[in-house]
Each structure stands twice: as structure tokens, then as C-alpha cells.
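**Q** I need the structure of the sequence given here:
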Amino acid sequence: MTPSLSRRMLLKATGTTVVSATLAGCSSSQPEPDETPADTTVIVGANGNYRFDPENLTITAGTTVAWEWKSNRHNIVVNKQPKDANWEGTPGGKGKLYHDGYRYTHSFDVPGYYHYYCNPHRSIGMVGSVTVKESSKNGGTKTNETDGGSGKTTTGSKATTTSGETTTTTGNGN
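**A** Numbers count the residues shown, from 1 in each chain. Below is the predicted model:
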């Protein structure tokens, strides 16, 4: 006599497999946030807005930037960067999205202009940029920057927004 599977046993085995696979997918919904110390922070999707805040950031080479998610379904896709740079954006490419509470960091060592966007929200203007200035040996920038309109001159390792507001000092700032 050969053993045969009853309909009930077959359904039970199939159901257990489907439930197990479904639960396994739920448990890996988002990786742990990156706890790397950062010199300045960009807020991703604050108050439900589809934007990076600040949208445009100016820093010196060697600065670490953190992006902190304040809403769901965003990512960082690098669109443009200097030839020798290796910034890849958030892990997983264009299709991987991250949610409120996620934190991602990157250290910018190559001077130049970097442009990035959030893939699902690019068409509605969720884009950003980072301009990395060269550092001098004493921790300051090689050239002075003038704040647009205020007449203030900034020297040192500082992260500034396009409005000229200094967000963080990381070194010898004057």
C-alpha cells in the first residue's frame, strides 16, 4: 500500500508555506538606521513635503552628511557627480524605498558638484545637490565664500545652505 496525500494534508502544507513566506517578507521591510556620526543633516520629506531640506548644500571635502527620513517612500538616486567620486545613493537602487525613521550617511571626499533625486518624487521636484569645496591643510576652505546679499564672508569647514545659513561647523571656522 502506498501512502497518499489527502486533500486536507495538501492544503495544510501549502497554507503553511504561503504564510511563512508572507511573514518572512514583512520582517525585513526596512534595514536598521545608519548611526554613523555626521557633520550636517538633510531632512527627507519633512511634514509630508516632497523635498530635501536643505535642497542645496555646500560643504568642504571630508564632510559626512546624514539624510534623515521624516516620511515614507523615499530614496536617494545619484544623477551627477565628479568623475572620481563613488557615491551610489541609498542601497538598492531606484526601486528600493525607505520610510520614516531611516537614516543614511555619506562622506564626501572628492570636490565638485553632486546632484541627486528621490525616484518616485523626482517629477514633482524632489531633487537636491551638494557642492563640495576643496579643504586647505589648516581645515579651512581655499577660497572665501560670500553669503548672497548679506556681505558675510565664510572661511573654514562649514556646511551652508543656499540661503547662506551655516548649519554646522566641523573644524577651523572663522
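**Q** per-residue confidence for Gly93?
**A** Looking at Gly93, its pLDDT is 93.
**Q** how about it: what's its closest non-neighbour residue?
**A** Leaving aside its sequence neighbours, Gly93 sits nearest to Val77 (CB to CB, 6 or more residues apart in numbering; 7.5 Å). Every residue, glycine included, has its C-beta placed from N, CA and C.
**Q** so who does that neighbour touch?
**A** Val77 is in contact with Gly89, Thr90, Gly93, Lys94, Tyr116, Tyr117, Cys118, Asn119, Arg122, counting by CB atoms under 8 Å, 6 or more residues apart in numbering.
**Q** would you quantify the distance from it to Gly89?
**A** Distance, Val77 to Gly89, using CB to CB, to the nearest Å: 5 Å.
**Q** can you check Val44 too?
**A** On the measure of CB to CB, Val44 and Gly89 end up 12 Å apart.
**Q** for Thr105, name its beta-bridge partners.
**A** Ala66 (DSSP bridges).
**Q** circling back to that earlier point, for Val77 and Gly89, list the residues in contact with both.
**A** By CB under 8 Å, 6+ apart, the residues touching both Val77 and Gly89 are Tyr116.
**Q** got the phi/psi numbers for the residue nearest to Gly93?
**A** phi -120, psi 120 (degrees, to the nearest 10).
**Q** that'll do, ta.
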